[in-house]
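*Asks:* here you go, sequence then predicted model.
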Amino acid sequence: MIVMKSIVVRLIRVVTLLFGLSVLTFSLIHLSPLDPVNAYIGGDSSASPEQIEKFKEYWGVDKSPVEQYLFWAGAMLEGNFGISKLYRSPVIDIIQSRFLTSLALMGTAWILSGVFGYLLGMTAAMNRGKKIDKIIKWYSYTLVSTPIFWMGLILLIVFAVWLKWFPVGLAVPAGMLESEVRFIDRIHHFVLPALTLSILGVANVAMHTREKMIDILNTEYVTFAMARGESRWQIFKNHGFRNSIIPAISLQFAYFGELFGGSMLAEQVFAYPGLGSTLTTAGLKGDLPLMVGIILISSLFVFAGNLIADMLNRIVDPRTKGVV
Amino acid sequence: MLSIQEEIEVQGVKVGGEFNVRKKMLLWLTISSGFLLIILILSFWLSNDHLRLNATNKNLAPSLGHLFGTDWLGRDMLTRTMKGLRLSLAVGAFASLISVIIATVMGICAATFGKAVDAVISWIIDLFIGMPHLVFMVLICFIAGGGIHGIVLSISLTHWTALARVVRSEVLQIKSAEYIQISRSYGKSPWYIARKHIMPAIFPQIMIGFLLMFPHVILHEAALTFLGFGLSPQTPAIGIILSEAMSHISTGKWWLVVFPGLLLVVVVKCFDSIGEQLRILLEPASSNE
Amino acid sequence: MRASNRRWLARKRALSYFLSAFSVFLLLTGCESGSSELTANHDASSAINSQTDKEELVLAVGKMDGGQFDPKKGWGMTQIRLTHSSLLTIDPELNFIGDLAKSYTISEDALTWTFPLREDAKFSNGEQVTAGDVKFTYEMLKEDGIKFDLSFVKSIEATDNHTVVITLNEPRSTFVSQLTEIGIVPKAHYDDHYSQNPIGSGPYKIVQYDDGQQVIMEYNPYWYGTEPQFKKLTFLLYEEDAALAAAKAGEADIVYVPPTFAEQQVEGMTLRIYESIDSRGIMLPTQPSGGKGLTNGKEVEYGNDVTSDLAIRQSLNVGLNRQELLDVALNGYGQKAYCLCDNMPWFNEETVTEDGDVEAAKKILADGGWVDTNKDGIVEKDGRKAEFTLYFSSSDQLRSDLSLAVADQAAEFGIKMNTVGTTWDDIYVKGKTAAVAWGGGRHHPHQLYTMNSSKVFDQGINNMSYYRNPKVDEYLDKALTAPTQEESNKYWKLAQWDGTTGFSGIGDAPIVWLVRVDHLYLANEKLDLGKQPIHSHGHEWALFGNVTEWTWGK
């Protein structure tokens, strides 16, 4: 089976890419001026040089980069991502707890922006040249130029500060025990960040779907169908949907990278404790193991997204060769 | 990509005859560039004295004296915004330039030096695309030790991939062209061919790539500085201005957020439109790809 | 058991996230009534404020979880912690009095300290606090040595179940302050995971800690002191802006506000202003460039050719206008500072000077050879411009604003400072070659030693300016090893200024101290916070020294 073979080849490629990524990440961080010792000891200590030596020894800072990498890569393969210097607990635990929070956020944004983007693109294409088409196009093009964090800030001003509909930050209400937090509370804190992330994701899908649909509408079989007297709904149902949905989905998968970047910014704006904001903190404070952990996990996601997008494209158009 | 007509509609200009279309596009081009020029001139013309700390002018809402209001240290927000945009433009220009150079070199190498090199480069491109961009930028910002050069480097190293692919396929196409084959049969070195034949042929592509990269670069610069990477706080940069504004949101100082952000959007749109218009003007054929 | 429990919670949480993702989707696709219902629920949950017999407080005073409840990680370094008790404590008049120890005695040679422990002290799990626990805590921290320097301690002995004897290698007048900072941990329950299950003998115990979000504490029924009115304290780990929002939404009873927010009116809340010893100044390298030393064990360069000139440092002390700095950067909420220990018993009042005198500053500069010959607004000496970098922590808004204001003022008398905000890590690497916005201020004078003695060069982040003055060193040593507080205070004062030299601004000025920051809180108008002592460095904890005395008016 050619498809099977191509899938295996792709998977092997992803594995080599992940290895390359881990080496690259590690060497980049190793070159950086971040000092884990300072990060650990903090700003208010009177540690003597001997004490710091001891500490360095314990954390393996004195070993050669290669040893450090091998040690770390080996541990990682066993599922041990090391201990976060910032939070002083296993990286994998931190990632796990933040991951769910982020996944909810990104997942919602991903689905919402996909569905709305597709609908908008479709509406624009079916009403090509009309007012609604122009509005959708203008909206999409403006959104592409809008920084996501600014959008978040504006939503914050309008809905949290002026209208007071939603809280200003965090994922759960203040002063509540974990067991008391209600489902509705989580949603309440969840809406604004998710909305921010969704609004901007729409543009990409909308514009591509619109193009794709216009191409489809220009094909002979659609012209023929129109001549046969099919309604617009019938044309969409019989030809448009079938031919445009897979490219749209594939595009959404390829959008994972942007989505993660977007969530970093949205989480920063809303003080939402997900992977993105944790990465920002880890980056600013020089928490090496945590940073690497999050980078690898998020990259794994983006690679997976690209892989799926690639596969989908292949299924739709088997002629596609090489990278898309 | 969209057809020419679509593009024009996007910019809100009515479709007319071929000549009229060109004229309208030029007009649009002029407006966008003019606007950017005004921002540049303002950024130099507005005096640094407006950025001095002032205990009496703190937290003023927008007025005639301070069109964009003042911040919590009494600094004029119009001046800060303009200087911030200038920084964005400068960073954008540098980063795009470096990025374009990397993309060109990578693209040409991939297309000329055989299968092995091509495979390696496409692996590298995959690697760079696979990493979430912002994460990677944050990382590179570190090794460079922050600062403007950190930002420029981090953005340049992450934005070249798409253009590199374009250059690669373009070069592959040119390589099979007759005159190259002839040149080769005369025993010209690959370097000579690259310099004399390939470079001039792909130059327009590179120029357009440069311009289209600009908006992304500016947005990413703002995002990086917003997160607190790269530049020192209090530097007039749009990302920093907005992240500072964030800590004053619940006190109702909306003007710290609205105007700087809005202007950034307009600037990015201007560049986007300049890039697109030039692309269509220079090579109408490519707009159908 | 704990772990499996957590995993179960995580799974439950995962499920609810997926559900929430799904229902937001429904909500956004046109379920209008849903959102108004949300607001209603929200209002109901914040109605706790109207209770009259109030036993719970919600507080947003900053990130107070540094050290994560473990003394080894730095918990208690600003002296106040509600979860642990220490041998001694400080009363509102700044006297050292017994806490876990009923009293204390010091031998003639000031080397042997004896502490009879109270017998009714129990940990929050009901177990007795014994001399063995005290011995364990001190030995563990001495061994670790990172957060608390106990290297001068020779031995810690538990002579019986309720008596601890600590022997020192040399007299140490500031040891008494460490006795108030070190919280005692139970020997039987202390391990590397202590942070997750902290057991202490303070008035409160940790019930829940959501990393980065909140800490919930409840009254410890085994607490031996006064029973507080408030049985449950919830600390929201908010940034300042979010804290203000919480106050406005009626979700918090006390919030810390930075000076920029002080004018915010919040219904039902009043602004409480507390003077503090929390000082800010500009650290200036005193050695010429080219030296190599250590910061936190890392090799760094030190020295700066501009700031090593005494005229530059002294002109800043005289030329900077402290009142204007207060007005610009602190909205007026602060006091002028001259010595890191202003108004403390060990403060030398002679160090107070007239400031904001640009002409005097120019004269000092001119006398030192610094003149603006090329009329560019910056003074020069031997062809070198009076220009240097001023680093500040980029995560600290106050230091950032203060640095900008300082640079703005210094330009008036011809000194150009380029302000650069960066991380503390970066500051520790580059900080010895440039000016740094520095801070400190405790209820004890030990920092005077660590910031100014040449004996602590290259240790941690001590004496960043590489200041060395034999006379000052002599006074500092005498102060540290003085057997009594009175005698040590005498030498602390001489070290600041003895009439001819000293480390204060009128002397060598390795650090030009500028302002003391008032700690500002918005608190519910019904809340009586008792008599507050002058606050020490760190607004997160300074307020809580007397939490057991707080009351709620009707």
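*Replies:* Great, that's in hand.

*Asks:* contacting residues for whatever residue of the stretch 1-150 of chain B ends up closest to chain C?
*Replies:* The shortest separation between the stretch 1-150 of chain B and chain C is 4.3 Å, found at B:Ala55 (distances taken as Cβ to the nearest Cβ). Placement of C-beta: from N, CA and C, glycine included. Residues in contact with B:Ala55 (Cβ atoms under 8 Å, 6 or more residues apart in numbering or on different chains) are B:74, C:324, C:327-328.

*Asks:* pretty sure it sits in a helix.
*Replies:* No - assignment of B:Ala55 by DSSP: H, G, I helix; E, B strand; the rest coil gives coil, placing it outside any helix.

*Asks:* ok so, going back, quick one: which of the contacts of B:Ala55 has the most company?
*Replies:* C:Val328 (25 neighbours; other Cβ atoms under 10 Å in any protein chain shown).

*Asks:* give me the element the nearest residue to A:Lys212 once chain neighbours are set aside is part of.
*Replies:* Of all residues not flanking A:Lys212 in the chain, A:Ser244 sits nearest, at 4.8 Å (Cβ to Cβ, 6 or more residues apart in numbering or on different chains). Remark: A:Ser244 resides in helix A:241-254, with elements defined by DSSP states H and E.

*Asks:* list the buried ones in that helix?
*Replies:* Taking 16 or more other Cβ atoms under 10 Å in any protein chain shown as the neighbour-count basis, helix A:241-254 is seen to contain the buried residues A:243-244, A:247-254.

*Asks:* if we can go back for a sec, mind checking which of the contacts of B:Ala55 are in strands?
*Replies:* The strands, defined by DSSP state E, take in nothing from the contacts of B:Ala55.

*Asks:* mind listing what's buried in stretch C:486-503?
*Replies:* C:488-498, C:501-503.

*Asks:* run through the residues of the stretch 101-250 of chain B sitting next to chain C.
*Replies:* By the criterion of Cβ under 8 Å from any Cβ of the partner chain, the positions of the stretch 101-250 of chain B lying close to chain C are B:145-146, B:228, B:232-234, B:246-250.

*Asks:* and chain C, what are its domain boundaries?
*Replies:* C:3-63+C:212-274+C:520-552, C:71-195, C:279-517 (automatic domain parsing).

*Asks:* now these in a markdown table, with mean pLDDT and distance to A:Leu288?
*Replies:* Compiled in a markdown table, these are given as follows (pLDDT from 0 to 100; distance: least, Cβ to Cβ, whole Å):
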| stretch | mean pLDDT | distance to A:Leu288 |
| --- | --- | --- |
| domain C:3-63+C:212-274+C:520-552 | 72 | 19 |
| domain C:71-195 | 88 | 18 |
| domain C:279-517 | 91 | 12 |
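
*Asks:* most tightly packed of these?
*Replies:* domain C:279-517 (a mean of 21; mean count of other Cβ atoms under 10 Å in any protein chain shown).

*Asks:* what about it, near chain B?
*Replies:* Yes - contact of domain C:279-517 with chain B is found when judged by Cβ under 8 Å from any Cβ, involving C:324, C:327-329, C:331, C:394-395, C:397, C:400-401, C:404-405, C:408, C:419-422, C:426.

*Asks:* and chain A, which of those residues contact it?
*Replies:* Restricting those to those near chain A - Cβ under 8 Å from any Cβ - leaves C:395, C:426.

*Asks:* so which of the residues of domain C:279-517 next to chain B are in strands?
*Replies:* In strands, judged by DSSP E, the following of the residues of domain C:279-517 next to chain B are found: C:419-422.

*Asks:* how much space separates C:Ala110 from chain B?
*Replies:* Computed with Cβ to the nearest Cβ, to the nearest Å, the distance linking C:Ala110 and chain B is 47 Å.

*Asks:* let's verify that residue: helix, strand, or coil?
*Replies:* Three states are possible here, and by three-state DSSP the one that applies to C:Ala110 is coil.
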